[in-house]
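Trainee: one predicted model, sequence on top.
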Amino acid sequence: MAVLVALPALALPSASDDGPQIVVLISIIIALLVFLEYNSAYPSFVEFRYAPPINRLRFGALFLTVAVLSAVCADENTTSTIGAIAASLAGLIAGFLDIPFSPVRLIGLILPADAPATLVETLRIAAGFAYFVSLCIVGLFFLLVHVAGWPARHGAFNVWINLPLFDPTAGSDVVTRLRRHGLINLVLGFLLPFLLPAVAKAASGIVDPMILENEQTMIWVVSLWAILPASMMIRGIAMNRIAQMILQKRERAYAAAQAAGDGEAASENDEDSYQLV
């Protein structure tokens with residue numbers, strides 16, 4: 001995590017002499033917070049701590065995006081083999097995704113008409129690669145759920161540990177709430193890459209879009225623009241999967257009760273359904 005946060009500042013020149021030192025300090029603090037969260041017995045806010053590989057996919061996608069975009073931007077300042085390869089690969093991918101009405105095309109429209117051609121091209125390449133990575137991790141997690149059977153292959157799924165911000169005892173039926181949250185995350189994850197450029201364009205009078213001339217700013221803006229919606233879609237798929245597992249557990253309880261000849265419909269209380277197999 002510390003390497004991820006510090007990577008753009010270390011790979012690219014800084015306008016301030018104290019810039020790299022400040023970024024390194026922030027990266028150490030963030031890494032310490034993540035370390036304490038994962039080593040705490042009681043979860044606080046990080047979801048799916050013990051349901052890999054969700055967080056690994058998120059981190060890996062963000063790290064890959066930031067690393068490649070840093071190499072692309074660094075290649076403009078100092079010619080290097082790695083930077084040239086990264087720029088060629090990212091440019092090839094961006095060429096396939098830069099089609100009319102695509103998020104890659106829309107994000108380029110936030111720049112003013114008199115923006116330098118080099119900035120427009122760099123933003124197009126960065127957006128194309130970042131969006132490609134986001135599509136890949138969503139597709140990969142979809143396969144892990146529907147082909148590999150996530151999260152059953154990792155044993156019981158503990159709702160309290162993996163969803164610390166979700167209270168299964170509050171509100172209406174837990175399955176309905178999980179499905180609703182999953183649908184909201186899926187819809188927002190799909191729409192945000194389209195909506196955020198429009199919002200940025202509308203707010204151009206408040207925030208100058210030319211701040212993207214700063215390469216480090218552009219790297220983080222583009223990376224979060226692509227990976228955050230993908231992370232929301234992954235969360236939506238995961239919540240729908242958990243809801244399906246709860247339904248399957250209820251059906252097994254009903255079948256067991258009927259087979260035992262109880263004569264009553266088995267009702268498995270959701271307050272006790274923290275462990276799903």
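Mentor: Okay, I see it.
Trainee: now the strands for the stretch 151-277 of the chain?
Mentor: Here the stretch 151-277 of the chain has its strands, by DSSP state E, counting those that start in this stretch, at 157-158, 275-276.
Trainee: neighbours of S102, how many?
Mentor: 16 (other C-beta atoms under 10 Å). No exception for glycine: its C-beta is placed from N, CA and C like everyone else's.
Trainee: so P53 touches L144, yeah?
Mentor: Yes: with contact defined as C-beta atoms under 8 Å, P53 and L144 form a contacting pair (7.1 Å).
Trainee: list the contacts of the residue lying closest to I93 once chain neighbours are set aside.
Mentor: The spatially closest residue to I93, leaving aside those adjacent along the chain, is F132, at 4.8 Å (C-beta to C-beta, 6 or more residues apart in numbering). Applying C-beta atoms under 8 Å, 6 or more residues apart in numbering, we find F132 in contact with 93-94, 97.
Trainee: nearest to E121, of the residues you listed?
Mentor: A94 (9.2 Å; C-beta to C-beta).
Trainee: excluding chain neighbours, give the residue nearest to that closest one in space.
Mentor: Nearest residue to A94, sequence neighbours excluded (C-beta to C-beta, 6+ apart): G128, at 2.4 Å.
Trainee: now F45: how far from A87?
Mentor: 37 Å (C-beta to C-beta, to the nearest Å).
Trainee: now do the contacts for C73.
Mentor: C73 is in contact with 8, 11-12, 122, 126, 215, 218-219, counting by C-beta under 8 Å, 6+ apart.
Trainee: so for it, what's the pLDDT?
Mentor: Looking at C73, its pLDDT stands at 84.
Trainee: cool, N39 as well?
Mentor: At N39, pLDDT is 82.
Trainee: so how many other residues sit close to it?
Mentor: 7.
Trainee: same check on L12?
Mentor: L12: 21 surrounding residues under other C-beta under 10 Å.
Trainee: right, and S44 touches I161 too?
Mentor: No: the pair S44 / I161 is not scored as a contact, 10.9 Å apart, by C-beta under 8 Å.
Trainee: one step back: please dump the contacts of C73 into TSV; it should also carry distance to P151 and pLDDT for every row.
Mentor: Converted to TSV, the contacts of C73 look like this (distance: C-beta to C-beta, whole Å; pLDDT from 0 to 100):
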residue	distance to P151	pLDDT
P8	33	86
A11	36	80
L12	38	80
T122	39	90
A126	33	92
E215	39	88
M218	36	92
I219	32	93
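Trainee: how near is P53 to L224?
Mentor: P53 is 21 Å from L224, by C-beta to C-beta.
Trainee: revised request: answer the last question for A202.
Mentor: 19 Å.
Trainee: which one's more surrounded, the two?
Mentor: L224 (16 against 10).
Trainee: weakest of the strands of the stretch 151-277 of the chain by average pLDDT?
Mentor: Looking at those, the weakest mean confidence is strand 275-276, a mean of 60.
Trainee: my read is that G189 contacts A238, right?
Mentor: No: G189 is beyond contact range of A238, at 11.8 Å (criterion: C-beta under 8 Å).
Trainee: ok, longest helix in the chain?
Mentor: helix 215-259 (DSSP state H).
Trainee: counting contacts, what elements does that helix pack onto?
Mentor: Counting contacts by 3 or more C-beta pairs under 8 Å, 6 or more residues apart in numbering; DSSP states H and E, helix 215-259 packs against helix 2-11, helix 54-77, helix 117-146, helix 174-202, strand 275-276.
Trainee: distance from the chain centre to that helix, please.
Mentor: 11 Å (C-alpha atoms, centre = their mean, to the nearest Å).
Trainee: specify the angle between that helix and helix 174-202 in degrees.
Mentor: With axes from the mean of the first three to the mean of the last three C-alpha atoms, to 10 degrees defining the directions, helix 215-259 sits at 160 degrees from helix 174-202.
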